[in-house]
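Enquirer: with the sequence up front, the predicted model follows.
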Amino acid sequence: MRQPLSIIILIFIYHLIPIPADAALPAGEEAAGGEELNVKEMILHHLADSYEWHITGDGERDLSVPLPVILRSRQSGWHLFLSSRLHHGEVSYRGFSIASEGKYAGKIVESLPDGTSVRPLDLSLTRNAASLLISSLLLILLVLAAARSVGRDPLKPKKGLGGLMEMAVVMIEDEVVKPAVGKDYARYSPYLLTLFFFILINNLMGLIPLLPGGANVTGNIAVTLVMAVATFVVVNFTGSKEYYREIFWPDVPVWLKVPFPLMPIIEVVGLFTKPFALMIRLFANIMAGHAIVLGLTSLIFVSVSLGATINASMTVASVLFTVFIDFVELLVAFIQAYVFTLLSAVFIGLARVEPHVVRNVEHSPEDHPAHK
Amino acid sequence: MSLLTPEAGLLFWMMISFGIVLLILARYGFPVILKAVEKRKNYIEASLVAAREAQEELGKVVQTGERMLAEARRDQHAILKETTRLKEQLIEEARTAAAAESEKMLASARKKIEAEKEEALRTIRREVSTLSVELAERILREKLGDEQEQMKMIDRLLDEVDISKA
């Protein structure tokens, strides 16, 4: 209980430090001006990716870790430099700058000689990408350490990291993979376990407000897209004959499939909606969690202009609510990883149907986890 | 909105990192853990079976031991009884032997005594007869010193013979 609490306290410290200078202005005479905290922009900025790892400060007194920018321009080829060169979009470097508005707001654009700007191929190691790499490395180390500790003497029950990881692995294997996939589950369990722990560690890292974490990784659609595509590939490349027969020639009246293949079309659309739902569910849940925490925290700064009493009470409310939401987010971090894995396992199980007689027997245990 | 459009760069990094993680963990991570757990599960099952067998074995051993103990006790009892019987028999035998021996000794002693008594009697008788003959001789010599007397004697003796013959 201590740990998350201190993390939450850190969230406040993190947000409090830069603000007084900022908030001092709206509290003064200039309040009505453009200096007022734009909550929507702030939240969107935090949810989006960025080229540097912002730690604290704003505007002039920034403290942030610059990250490498990797670009390929059609005109000038490959470029590699640190994001500190661009400095918040105010400076242009080698013709590149961060667009402040327009279609490419917040992204690096290349200014062409004719005055227009285009996006180069942007493979920059952004905050999300860096966070991904860090948590991937962390995950690999954790699992390999656990595997080594467990594998060295398999007959001895393990304590510490090995025991924890073993418990989690066995839980996912027994509760998710086995019942959902059914026969042949062992082929899929490494993929599904990797999926679960990858999502979990990125969700948890996203809850830590300081440097190695804090990025909205699993709340980014590119990240969930890759995992949804991976599940799509696994499901459809290992599907059984019966599975494809049910898609292209389902057991429905013939007029539903012959002159106009209505049912096959619905089934094929279903192929894509399943992973699409996976992608959106994880992305939306995690992004919403980050947005709520940010929104509740900004209550403090929004209410500054309403006077000391309201500000103080709002601060207390904000802290309480944020603590609560952070606990909920811890739960969500686990649940979303679990749900993504469970549904992937269920889709794999559904794609491995056997011809009817056998299928009806196997159907009930397969359906069971989906109803949970 | 930019939140809903996947970025090419992040897609690239995500594919790389997820791919590497998947490659490493699916090969060297989770299978190792799962195999170890499976191994331990099998080991525990085997141990349980072995423990049950050992328990049964132990039960059998205990039973055998008890049976052996009972047998030994019975044997001991029998042996003790036999020994007692033998002892008594021996004593009895010894006693009868001793009695017979003493009887024999007594008998021989008695016989000897008898023999000696007879010998003694015989000797005494012989003595007495010798004595009496001597005495008779002397008496006769005394009495039959004169002729008359001798004649009288002869007559009387003859009478006596006659009487005894009649």
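Expert: Perfect, thanks for sending it.

Enquirer: which is the next helix or strand following the lowest-mean-pLDDT helix or strand in chain A?
Expert: When the helices and strands of chain A are scored by mean pLDDT, DSSP states H and E, helix A:19-27 comes last with a mean of 37. Next along the chain after helix A:19-27, taking DSSP states H and E as the criterion, comes helix A:39-47.

Enquirer: what are the ranges of the strands in the stretch 1-150 of chain A?
Expert: Taking DSSP state E, counting those that start in this stretch as the criterion, the stretch 1-150 of chain A contains strands spanning A:52-56, A:63-66, A:68-73, A:77-82, A:96-98, A:108-111, A:117-118, A:121-122.

Enquirer: contacts for the third one?
Expert: Same thing as strand A:68-73. Strand A:68-73 is contacted from outside by A:51, A:78-83, A:85-86, A:95-96, A:108, A:110, A:120-125, B:9, using C-beta atoms under 8 Å, 6 or more residues apart in numbering or on different chains. Where you see a C-beta, it was placed from the backbone N, CA and C, and this is true even at glycine.

Enquirer: which of those residues are buried?
Expert: A:51, A:79, A:81, A:83, A:86, A:95-96, A:108, A:110, A:120, A:122-125, B:9 (16 or more other C-beta atoms under 10 Å in any protein chain shown).

Enquirer: the residues you listed: which two are farthest apart?
Expert: A:95 and A:125 (20.3 Å; C-beta to C-beta).

Enquirer: redo the strands of the stretch 1-150 of chain A as TSV? Include distance to residue B:22 and mean pLDDT.
Expert: Formatted as TSV, the strands of the stretch 1-150 of chain A follow (distance: least, C-beta to C-beta, whole Å; pLDDT from 0 to 100):
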stretch	distance to residue B:22	mean pLDDT
strand A:52-56	26	76
strand A:63-66	28	79
strand A:68-73	23	83
strand A:77-82	27	82
strand A:96-98	33	78
strand A:108-111	29	80
strand A:117-118	34	79
strand A:121-122	24	84
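
Enquirer: if I look at the closest residue to residue A:139 other than its chain neighbours, how far off is residue A:134?
Expert: In space, and not counting its chain neighbours, residue A:139 is closest to residue A:201: 4.8 Å by C-beta to C-beta, 6 or more residues apart in numbering or on different chains. Using C-beta to C-beta, to the nearest Å, residue A:201 is found at 10 Å from residue A:134.

Enquirer: of the two, who's got more company?
Expert: residue A:201 (23 against 19; other C-beta atoms under 10 Å in any protein chain shown).

Enquirer: residues in contact with the residue in the stretch 251-372 of chain A that chain B sits nearest to?
Expert: Residue nearest to chain B within the stretch 251-372 of chain A: residue A:287 (7.0 Å; C-beta to the nearest C-beta). Residue A:287 makes contact with A:47, A:216, A:219, A:220, B:3 under the criterion C-beta under 8 Å, 6+ apart.

Enquirer: from those, which land in helices?
Expert: residue A:47 (DSSP state H).

Enquirer: show me which of the contacts of residue A:287 is closest to residue B:18.
Expert: Using C-beta to C-beta, the contacts of residue A:287 come closest to residue B:18 at residue A:220, 12.8 Å.

Enquirer: who are the contact partners of that closest one?
Expert: A:49, A:128, A:283, A:287, B:6, B:7, B:10.

Enquirer: check the gap between it and residue B:143 for me.
Expert: 185 Å.

Enquirer: got it, and residue A:331?
Expert: 171 Å.

Enquirer: now residue B:51
Expert: With C-beta to C-beta as the criterion, residue B:51 and residue B:143 are 132 Å apart.

Enquirer: could you do residue B:11 as well?
Expert: In terms of C-beta to C-beta, residue B:11 sits 187 Å off from residue B:143.

Enquirer: much appreciated, bye for now.
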